Every structure is written in structure tokens, then in C-alpha cells.
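# I would like the atomic coordinates for the input below:
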Amino acid sequence: MGMIVSFLQPKDKVPDFIEFTAEDVTNIKRTWVLPHEHPMDVGEKILYKYFETFPVYQEFFEHFKNYPLLTLKGAPGFRTHAGRMIRVFDSNVDVLAEGNIETEMEKIWLPIARSHYRREIPQKAFRDFRTIAVEGLQELCNLTEAECKSYKVFFNNVHHVVFEGLEAVAKLEGHHHHAHNI
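So this is what the prediction gives:
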């Protein structure tokens, strides 16, 4: 059977925000060309690989949960959703700057945290997405080790904002432990 996964399990904590270095900003902006120019193609490859690697997460997507994975490849609705997802990251790449840009990132990611809280998406799903996204970007954008490291900082900071947002919504709604079976 599935295990209970909460937004924040005792061993999990909200990662600290890591200030972006000039090198991180340069690495990401320089290598973000393909996702920026082809969000649906890049998004589809990453989201498809995510569902392929972690089939349980497909169940969280109302529009995709009742379809065999193979039928999603090339499907307009799937490509549109995947493209929208990449465009959220794209808007974050647009505001990337050296130092602490947590406030700018909150404007982008807090609405995402709220919508994912309502759908009971566990924190582990975000962590697993990061793994697939970094691997996908590494392959699609031919990232070096240093560039991968910059993307890991980027996703760490996205997680910082999203996980803090999930916790804030949980507190507002009076749920200290929001769980979902997967």
C-alpha cells in the first residue's frame, strides 16, 4: 500500500534560501535559451519523464490521471500544461539576480504553493520533480557540472519559497499536518 506523505515530515525542513552568485545567474540565463524558446517541447519531455519515473504523481493531475501515459505524449492539453509550467520557471529566470531575490520569487511561487496545497501535492513530489527537471535540463541544454550546480541552487530556492508557502497556507487553514496517501 501507499505510504503517508506530508508536506513536511519530521526529517524534512524548509531549505534555507541560498543567495545567487553572479556565476549562478550567468549559468542559468545563458543555458535557459531552449526552454525559453520552446517551452511546450521542453516541458513535455520533463513532465512525461516525471510521470514515467514516478507514475503515482500522474494521479494528482485531474486532467491526466485517467489516461495511459503513452496517450499523453503529443496531446495538446498535456503540451499546453507542460508549456505553462515551463513559463512559470521562465518568469523566475527573468527576475534572476545576484543575492537574495526571495521577495521577487515569492510573487511567482506563492500562488503555485496555494494551488498545489489545495490539490494536496506532497513535498516529496516537488523534490522528485526537481530531480527529473535538473536531469532533463542537463540533457536538453547540455549543462556542465557547474551549470547543474546553479540549477540546484535555483530549485533549492524555489523549494524554499514553495514549502514556506505550503506551511503558511496550512497554518491559515488550521492544518498542521496535511497528508495524502501515495
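
# Show me what the longest helix along the chain is packed against.
Longest helix in the chain by number of residues (criterion: DSSP state H): helix 145-172. Counting contacts by 3 or more C-beta pairs under 8 Å, 6 or more residues apart in numbering; DSSP states H and E, helix 145-172 packs against helix 22-31, helix 102-118, helix 123-140. C-beta here means a position set from N, CA and C on the backbone, and glycine is covered the same way.

# can you list those helices in TSV and add mean pLDDT and distance to H63?
Formatted as TSV, the helices and strands packed on helix 145-172 follow (pLDDT from 0 to 100; distance: least, C-beta to C-beta, whole Å):
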stretch	mean pLDDT	distance to H63
helix 22-31	97	30
helix 102-118	92	14
helix 123-140	95	16
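
# Those helices: which one's closest to Y48?
helix 123-140 (9.5 Å; C-beta to C-beta).

# okay, the helices and strands packed on helix 145-172 in TSV with mean neighbour count next?
TSV is the format used below for those (neighbours: other C-beta atoms under 10 Å):
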stretch	mean neighbour count
helix 22-31	17
helix 102-118	16
helix 123-140	18
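
# Just put these in JSON lines and tack on distance to D94.
Output for the helices and strands packed on helix 145-172, formatted as JSON lines (distance: least, C-beta to C-beta, whole Å):
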{"stretch": "helix 22-31", "distance to D94": "9"}
{"stretch": "helix 102-118", "distance to D94": "9"}
{"stretch": "helix 123-140", "distance to D94": "17"}
